[in-house]
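Student: here is a sequence together with a model predicted from it:
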Amino acid sequence: MRDSLKIAVVALAMAAMGAYCALKLEVSTEITHFLPGAEDRRLSAIARQLVDSTLTRTMILSIEGPDQPSAIAAARALTASLRADPEVQWISAGPDAALAESFYRLFFPHRYQLLSSDPERELPARFSDQGLAASARALKQKLASPLGALVKRLAGADPLLAFFDELKRLEAARAGPLEVKDSVYVTHDGRHAIVFLGTRSSPFDGAAQGPFLQRLQRAFAAVNQAGALRLESSGVNRFAVDTERIVRADINRVSIASTLALIALFLLLFRSPRILLLSFVPIAFGMLAATTAGLFAYGKLHGLTLAFGSTLLGVCVDYPILYLNHHVLLPAPGGPWKTLRRIAPALLLGAFTTVAGFAGLAWTTFPGMREIALFATTGILGALASSCWLLPAAMQRAPAAVGLHLRLASHLGDLLEAMRRRRAALWLLPLAALLACAIGLPRLRWADDLSALQRPNPRLLAEDERVRAQVSRMDSGRFVIALAKDDAQALALNDRVWERLWSARRAGTLEDFRSLHDLLFSAELQDRNARQLLPGLAARTIGALEAEGFRGAAFGEFAQALHASPPPLALAEVLASPLGDLLRPFRVQLDGEVGLLSFVRGVKDPAAFARSLQDLDGVRSFDQGAFLSDAYGRYRARALQLSIAGVVFVFALMLASYRDPRKALAAGVPAVLAAATTLAVLALFGVETNLLHLVSLLLVLSIGEDYAIFLVASVESRAELEASAVSVALCCLSGVLSFGLLALSEIPALRAIGLTTGLGVLLSLVLAPTALALLPRTSRGVQ
Amino acid sequence: MPCSSSFVSLLLAVAAGAAQKPVSLDALLAQFAALPGLEARFHEEKRMALLAAPLVSEGTLHFAPPDRLVRRTLSPSPSTLLIEKGALRFGDAQGSESIPLDGNPVVRLFVDSFLKILEGDRPALQKIFAMDLKPRGNCWELVLKPRLAPMTSVIEQIVLRGEGVVLSQMTLREPGGDQTVTTFTAVDPARKYTPAELAAIFAVQ
C-alpha cells in the first residue's frame, strides 16, 4: 500500500472515531462503577441499587428566612416554580391533603387486620370482657376530650379505635421530626421551611443534573429577590455534579499542560512542525480508539476512566518518541520503514508487556476497573498501531537533526557509557532502591474506605449533613434488609425483622428504627389478626359499649365490618396509591428478588446486632461504609495478586522474546524495583495507600519496562543507545509532567493515580540504567 | 337582667364602662384584644347520638395573649389541652401527643373559633367563618358558621354568648344534631400571669 494511502486510512479512521465519540460521549461519575460485583452478589446488588434509587434521587431543600412566614412563603413559591421543571418528577412542601383521604380509603377497611404485630398474645386480652370494657371507657374518654369530634366521626364503625393507631403511625412515617405550619413542613426550631423533590434522572446523570441545579438556583434567586432568604440543600446529585466538574477540570488541565509541554519539548529538540504534528497523531489515535471502544462496550465512560486515560498519554507518547528519535538521530539507510524495522522488537515488546499488565485488571469484578482495562489496552494498541502504520509513511527519508538534539544524545550516551564502565557503582542504584523498600514497605498502611475513591466536597458535605439532620433521625447508609422472591414473602420476613428490632430497641441496643411494618403487615400476619376476630366479638363489644352508656344501635357498621374480612391489603395496592411515595424508599427491586429495608439509628454494637439477625434466612444487616471498606480491602488484595501475576506473565513474555534470562531480568527488574520503591517512598512520606495506588503501579511497571526494554535493545550500538537514551529522557519528562499535574487534583482517586505514577515514572528513569548492570558486557541487543 | 342566670357572677366582673356602650363586632373584638389574660371555669355537656346520656366534663380555662390557651379538664378524668405557637398538645393519663394544627383543619377550626376571638383577630375569623353578631342590651350573641370544607361537614355552627369581654357560653352544633354546650363561670378577664404561672400553667403534665 502506498504511503499516502496509509495516511489517508489513518485520517479516515480518526475522523470516523472522532465523529462517533462526539455523538456518543457521555461521562458518568456513578460510584456504582467502582462497587464490587461478585463476592457477595446480593449485597453488591443492593449497594448498587441504593446508589440510584428513590432515596438518592430525592433532594431536600431547606429555606431559612428572617421569620417563619417568609420561609413558608418562599417554600410555596419555590415549589410552584419548580413543579413545571422537566427534571422534577415530584415535589412536596407539605402534607398532601389527598394523602389522608387515600390512607383512609385504603387502610380503614383493613383496620382489624392491622391491629397487632403479635395478635395471638395481645388480642385475646384486648378482646376479653375486661379489655372490651377498657376500650369502651377509652372511647368515652376520647369523645369527652376536646378532640372528641374527630373521634366521633369514625367511632360508630371503629369503637376499638384501631384506625387511630394506624393514623398515628402514618404521621410518624410521613413527616419524621418535621412540623407543619400553614400546610408547609417546617423544622422544630421554626426557622426553616422544607421542600422535598424527586428527580427524573439518575443523580449521576451529569448532563441532566448540572443544568437542573442551575435552574434550581435561578428559581430560588427569583424567590429571594430581597436577599433575606438562605437556601441549603441535600442531594446526591450535588456531589455528582461537583465531582464531574472537578474531574473535567483536571482532565483539561492535565491534557492542556502536557500537550503544551510536549509541544515545547518537540519544538526544542526537533524544530519541525511536521514531526511535532506526527508525534501527536498516535496519542490522538490511541485516545480515540480507547474512547470508541469504551463507548461501544459500555455506552458511556466513567470520569475516572477518562482521567486515567488522560494519563495514558504518558505511555502512548513513548512509541512516537522512540521512533522519531531513532529516525532523526540514526535514520536507517533504507528509509523510515527500515528504521521502524530496527526498533520494532523493542517497540512491540514494550507495548505488549504494557497491554499484558493492564489486561490483568479485567479479571477484577469492579466494572470500573474492567472499563479502565479495556480503555488502556485499546489505547495502547491504537497508539502502537498508528505509530507503526503512520509515522514511517509520513516521515522524510533522512530528516536533519538539530544541534541541541545531537548534543543531548551525545551527553546521555556518555553518561550511560560511563555507567557501563563502572558496573560496580551502577549496583548502588538497585541497592539504594532495595534499602528504601526495606525501610518503607513495612510502614505501608492501606486505607480501604470509600473516601479513597471519592472524598466529597467538605462544604457541600457540611451543608448536606445540616439539612439531613433537620429532616431525618436515622443513620445514613445503615439498615436491615429482608430479601425474598416477592413482596408477600419479603413482607413476612420484614414482620420478623420488626420483632427483632423492636426487641433490640427495648433492650437498649438500638436507639430507634423505621420499618415498613409500622404501616403494613404481611398477608399472613393480617390473617392471624383476622382469626382473632372470633364469632360473638361484635355482640360482646356492643354490650361493653352499652354498659358504658353508649347506644348499641349506633354500632351496626362496626358489627358488619368485623365479619366482612376483606382479603389482606397488599403492598402493590399501597404502592399504586398516592401513599406509594411514602413506601418506596423502603423497597428495592433486585434481580428476581424484593428487598424491604428497615432504617436504624444508634446501633450500639454492630457485630452483635448483625448476629442477632443471623438466623433469619434472607435478612442482612447492612452498613454501607463497612461493606465498601471490606470490599475494597478484598479487591486491593486481589489487585495485588493480579499485579504479581502480571509481573510474572510479563517476565515470561520477555523471556520468550529474548530467549535469554539475563536480558529478561535486565528489562524487567528496573521496573519492578521502581514500582516497589514508589510504594516504599509513599509509605515513608506517610501516604496511606489504597486500591488506586496499586492500580497505578501497573502503569509504573508498564512505563518502567518500556524504558528498560528500549535501553536493552540498544546496548550494542553507541548511536542506538544515544537515541534510546534521549527517547527515555523525553518519555520520562512528559510522563512526570502529566502525572505530576494529576497529583494536584482535588479528587483523592486522581491524586493517588497522579502521585504514584509521577513518582514511579521518575524512579523508572533513575533505575533504568540498572538494566546495564544486569546485562553481560558482550551482550547483543535484540535484533 | 343578666344574659343568663348562670352568669350573674361573671357580669359583676365586667368593666362598668362596657355596659354603657353599644355592642359592635369591632368594638367587642377590640376589647378582647386588649385583655391582659383570662381565667375561667368551664362545665361542658356533650350530647351525641352515640351516647344515651350526655358526657359531662369540668375544668379550668386559661388564656395568655397573644396566643396561648390551656384547657385543663379535672373531671371525669384529668387531661390537658395546650395550644401554643400554632401547635396543639394533648396529655392525659395515657401520655401526651402533639397535633400540628395545619395538618388537621378540623382541629384548627375548633381552636380558632375560640382563640381568634380572644385575640380579637377579625380578619382571621372572617376568613374561616361567616359571623353574625346579635346585640341584646349589654349582652351579645355571636354566631359563627364555617365557610370552608371539610369543616362545613363537621360543624354546623358555633354560638358564643357573653357580656362585654365576659364569655358566658359556647354552643357547638354538628350537622347530625349532636351538640356541645360549654358554660363558663368565675371568669376573670383581667387575669395577669406571672412568668412562674405561665411556666406552670401553660404546660402539659
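Tutor: Thanks, I have the structure now. For clarity, every value in this text was computed on a predicted model and none was experimentally measured.
Student: what segments of chain B are strands?
Tutor: Read by DSSP state E, chain B holds these strands, from start to end of the chain: B:38-47, B:55-64, B:68-75, B:79-84, B:87-92, B:95-100, B:129-136, B:139-146, B:157-163, B:166-173, B:179-188.
Student: nearest to A:A98, of those strands?
Tutor: Using C-beta to C-beta as the criterion, the shortest distance between A:A98 and the strands of chain B is 17.4 Å, found for strand B:95-100. For glycine as for every other residue, the C-beta is placed from the backbone atoms N, C-alpha and C.
Student: ok, back up a step: mind putting the strands of chain B into a markdown table with mean neighbour count?
Tutor: As requested, the strands of chain B are arranged in a markdown table below (neighbours: other C-beta atoms under 10 Å in any protein chain shown):
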| stretch | mean neighbour count |
| --- | --- |
| strand B:38-47 | 19 |
| strand B:55-64 | 19 |
| strand B:68-75 | 18 |
| strand B:79-84 | 22 |
| strand B:87-92 | 18 |
| strand B:95-100 | 15 |
| strand B:129-136 | 15 |
| strand B:139-146 | 20 |
| strand B:157-163 | 21 |
| strand B:166-173 | 22 |
| strand B:179-188 | 18 |
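Student: could you dump these into TSV with distance to A:I644 and mean pLDDT added?
Tutor: As requested, the strands of chain B are arranged in TSV below (distance: least, C-beta to C-beta, whole Å; pLDDT from 0 to 100):
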stretch	distance to A:I644	mean pLDDT
strand B:38-47	84	93
strand B:55-64	79	92
strand B:68-75	75	90
strand B:79-84	70	86
strand B:87-92	66	80
strand B:95-100	63	70
strand B:129-136	83	88
strand B:139-146	81	90
strand B:157-163	85	90
strand B:166-173	84	91
strand B:179-188	84	93
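Student: select, out of those, the one closest to A:R2.
Tutor: Minimum separation from A:R2 across the strands of chain B (C-beta to C-beta) falls at strand B:95-100, 83.4 Å.
Student: just to revisit the earlier point, can I get the strands of chain B in a markdown table with distance to chain A?
Tutor: Conversion of those to a markdown table gives the following (distance: least, C-beta to the nearest C-beta, whole Å):
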| stretch | distance to chain A |
| --- | --- |
| strand B:38-47 | 7 |
| strand B:55-64 | 5 |
| strand B:68-75 | 6 |
| strand B:79-84 | 5 |
| strand B:87-92 | 6 |
| strand B:95-100 | 4 |
| strand B:129-136 | 16 |
| strand B:139-146 | 12 |
| strand B:157-163 | 11 |
| strand B:166-173 | 8 |
| strand B:179-188 | 8 |
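Student: can you redo these as a markdown table with distance to A:W498?
Tutor: A markdown table is the format used below for those (distance: least, C-beta to C-beta, whole Å):
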| stretch | distance to A:W498 |
| --- | --- |
| strand B:38-47 | 38 |
| strand B:55-64 | 37 |
| strand B:68-75 | 36 |
| strand B:79-84 | 31 |
| strand B:87-92 | 28 |
| strand B:95-100 | 22 |
| strand B:129-136 | 45 |
| strand B:139-146 | 41 |
| strand B:157-163 | 44 |
| strand B:166-173 | 41 |
| strand B:179-188 | 40 |
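Student: for A:A656, which of these is the nearest?
Tutor: In terms of C-beta to C-beta, the element of those nearest to A:A656 is strand B:95-100, at 77.6 Å.
Student: if we can go back for a sec, A:P458: which of the strands of chain B is closest?
Tutor: Among those, the nearest to A:P458 by C-beta to C-beta is strand B:95-100 (35.2 Å).
Student: for the biggest helix by length in chain B, what is the average pLDDT?
Tutor: Within chain B, and with DSSP state H defining each element, the longest helix by residue count is helix B:105-119. Model confidence over helix B:105-119 averages 75 on the pLDDT scale.
Student: cool, and stretch A:582-597?
Tutor: Taken as a whole, stretch A:582-597 carries a mean pLDDT of 81.
Student: start and end of that stretch, how far apart?
Tutor: End-to-end distance of stretch A:582-597: 13 Å, with C-alpha to C-alpha, to the nearest Å as the criterion.
Student: who in chain A is up against chain B?
Tutor: Applying C-beta under 8 Å from any C-beta of the partner chain, one finds that chain A approaches chain B through A:94-95, A:138, A:140-141, A:143-150, A:152-153, A:155-156, A:168, A:171, A:179-184, A:190, A:549-551, A:554.
Student: put the buried members of those residues into a ChimeraX selection.
Tutor: Selecting just the buried residues from the residues of chain A next to chain B in ChimeraX takes one command, with 16 or more other C-beta atoms under 10 Å in any protein chain shown as the test:
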select /A:94,95,138,140,141,143,144,145,146,147,148,149,150,152,155,156,171,179,180,181,182,183,184,550,551,554
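Student: the residues of chain A next to chain B in strands, which ones?
Tutor: A:E179, A:V180, A:K181, A:V184.
Student: against A:L406, how distant is the first one?
Tutor: Separation of A:E179 from A:L406 (C-beta to C-beta, to the nearest Å) stands at 81 Å.
Student: circling back: state the pair within the ones in strands among the residues of chain A next to chain B that is farthest apart.
Tutor: The most distant members of these, if one measures by C-beta to C-beta, are A:E179 and A:V184, lying 9.7 Å apart.
Student: by contact count, what packs against the longest helix of chain B?
Tutor: Taking 3 or more C-beta pairs under 8 Å, 6 or more residues apart in numbering or on different chains; DSSP states H and E as contact, the helices and strands that helix B:105-119 lies on are helix A:148-155, helix B:25-33, strand B:68-75, helix B:122-128, strand B:139-146, helix B:151-154.
Student: and of the ones you listed, who's closest to A:P331?
Tutor: So among those, helix B:122-128 is nearest, using C-beta to C-beta, at 94.6 Å.
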